[in-house]
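Asker: sharing a model that was predicted from the sequence below.
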Amino acid sequence: MSIVEEFARKSRELDAAPRRDGRDDGEEHVVVGNSVDPALAETKLSGSTLYRGRVLNLRVDGVRLPSGKRTNREVVEHAPAVGILAENDRGEILLIEQYRYPVGEVLLEVPAGIMEPDELPLETARRELQEEIGFDAEHFDEMCRFYTSPGFSDEVLILFHATGLFPSSLAPDFDETIRVVPVSVRELPDLLCQGRIKDGKTLVALCRFLCRTTACQTGAETEAGTGC
């Protein structure tokens with residue numbers, strides 16, 4: 001088993017979810033598996049929600065640092081989200097282009113979306129794939145989970161690799177204008193090296209995909225019968 005494959009296996013074990021994340025609101029939250037070192041942990045002393053929106057909430061917490069000093073932390077509460085790296089049978093990754101208002105640019109991304117309160121990650125992945133590119137998939141393999149911006153947000157993003165695509169459409173969101181862009185797997189390294197991918201989740205998804213693909217190819221060359 002290669003280093004990359006071993007890391008992926010351990011990541012899947014750690015990231016088995018949903019699990020409780022230590023909050024006291026009585027709800028289940030999707031979290032990334034990890035331990036907390038008491039010597040580094042900060043203790044919440046107070047909290048005040050300044051804004052509640054459709055996509056996110058903003059709160060300010062008073063915390064005690066490991067040194068004993070006190071400070072404030074601005075926290076964006078965000079529902080978990082999923083991203084889908086969709087690979088068709090022609091060796092293409094189906095990316096999408098859409099205008100992102102906060103940065104004022106059209107970005108090249110993997111299909112993605114926010115989990116609804118009653119959805120599991122896989123259900124969200126299937127719905128978003130049908131809404132954004134008009135396909136469903138026979139196979140969804142969870143690639144990894146990560147925090148998008150842990151310095152100020154609790155958002156967890158779950159990435160899936162979807163294969164066995166077949167046409168299946170759902171009505172798109174009214175506020176999204178999307179163009180599907182098929183990209184050959186062979187073109188991905190150049191796409192990354194040229195800096196054409198500026199979206200974080202897409203960078204993670206493509207790099208993870210290429211690492212796994214390379215690990216499988218190396219394993220096949222050095223150890224007969226090794227599978228991905």
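Answerer: Looks like it arrived, so ask away.

Asker: only C-alpha atoms from now on, for both contacts and neighbour counts.
Answerer: Will do.

Asker: where do the strands sit along the chain?
Answerer: According to DSSP state E, the chain carries its strands in the segments 43-52, 56-64, 70-78, 81-86, 92-100, 105-109, 112-114, 135-147, 156-167, 179-184.

Asker: now, of those, which is deepest in the fold?
Answerer: strand 81-86 (a mean of 26; mean count of other CA atoms under 10 Å).

Asker: and it, how far out from the chain's middle?
Answerer: 6 Å (CA atoms, centre = their mean, to the nearest Å).

Asker: over to stretch 135-155?
Answerer: For stretch 135-155, the distance to the chain centre is 2 Å (CA atoms, centre = their mean).

Asker: output that stretch in CSV with nothing but the alpha carbons.
Answerer: Taking C-alpha atoms only, stretch 135-155 is exported to CSV below (Å, rounded to 0.1, in the frame of the first residue of the first chain):
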residue,chain,number,x,y,z
PHE,A,135,-26.1,13.9,-14.6
ASP,A,136,-26.4,11.3,-11.9
ALA,A,137,-23.8,8.6,-11.2
GLU,A,138,-23.7,4.9,-10.4
HIS,A,139,-20.8,5.3,-8.1
PHE,A,140,-19.8,7.9,-5.5
ASP,A,141,-16.5,7.5,-3.7
GLU,A,142,-15.8,9.9,-0.8
MET,A,143,-12.4,11.4,-1.4
CYS,A,144,-11.9,13.5,1.7
ARG,A,145,-13.3,16.0,4.1
PHE,A,146,-11.7,19.3,5.0
TYR,A,147,-12.3,22.7,6.7
THR,A,148,-12.5,25.4,4.0
SER,A,149,-11.4,28.4,6.1
PRO,A,150,-10.9,27.3,9.7
GLY,A,151,-9.5,30.6,10.8
PHE,A,152,-12.9,32.1,10.8
SER,A,153,-15.5,29.5,9.7
ASP,A,154,-16.7,26.1,10.8
GLU,A,155,-17.7,25.0,7.2
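
Asker: ok, residues contacting it?
Answerer: 8, 11-12, 15, 32, 73-81, 122, 126, 129-130, 156-169, 200-201, 205, 208 (CA atoms under 8 Å, 6 or more residues apart in numbering).

Asker: nearest to G195, out of the strands of the chain?
Answerer: strand 105-109 (10.9 Å; CA to CA).

Asker: which residue ranges make up the domains of this protein?
Answerer: The chain breaks down into these domains under automatic domain parsing: 3-78, 81-222.

Asker: sorry, back to before: any chance of the strands of the chain in TSV, plus mean pLDDT and distance to D190?
Answerer: Formatted as TSV, those follow (pLDDT from 0 to 100; distance: least, CA to CA, whole Å):
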stretch	mean pLDDT	distance to D190
strand 43-52	96	41
strand 56-64	97	35
strand 70-78	97	33
strand 81-86	98	17
strand 92-100	97	14
strand 105-109	97	14
strand 112-114	96	23
strand 135-147	96	22
strand 156-167	97	20
strand 179-184	97	11
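
Asker: dump those to TSV, plus distance to T214.
Answerer: Below are the strands of the chain laid out as TSV (distance: least, CA to CA, whole Å):
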stretch	distance to T214
strand 43-52	42
strand 56-64	37
strand 70-78	34
strand 81-86	16
strand 92-100	16
strand 105-109	22
strand 112-114	25
strand 135-147	15
strand 156-167	15
strand 179-184	16
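
Asker: and D173, which of those strands is closest to it?
Answerer: strand 112-114 (10.5 Å).

Asker: what's that closest one packed up against?
Answerer: strand 81-86, helix 121-132 (3 or more CA pairs under 8 Å, 6 or more residues apart in numbering; DSSP states H and E).

Asker: which other residues reach that strand?
Answerer: In contact with strand 112-114 (CA under 8 Å, 6+ apart) are residues 79-84, 124-125, 128-129.

Asker: much appreciated, bye for now.
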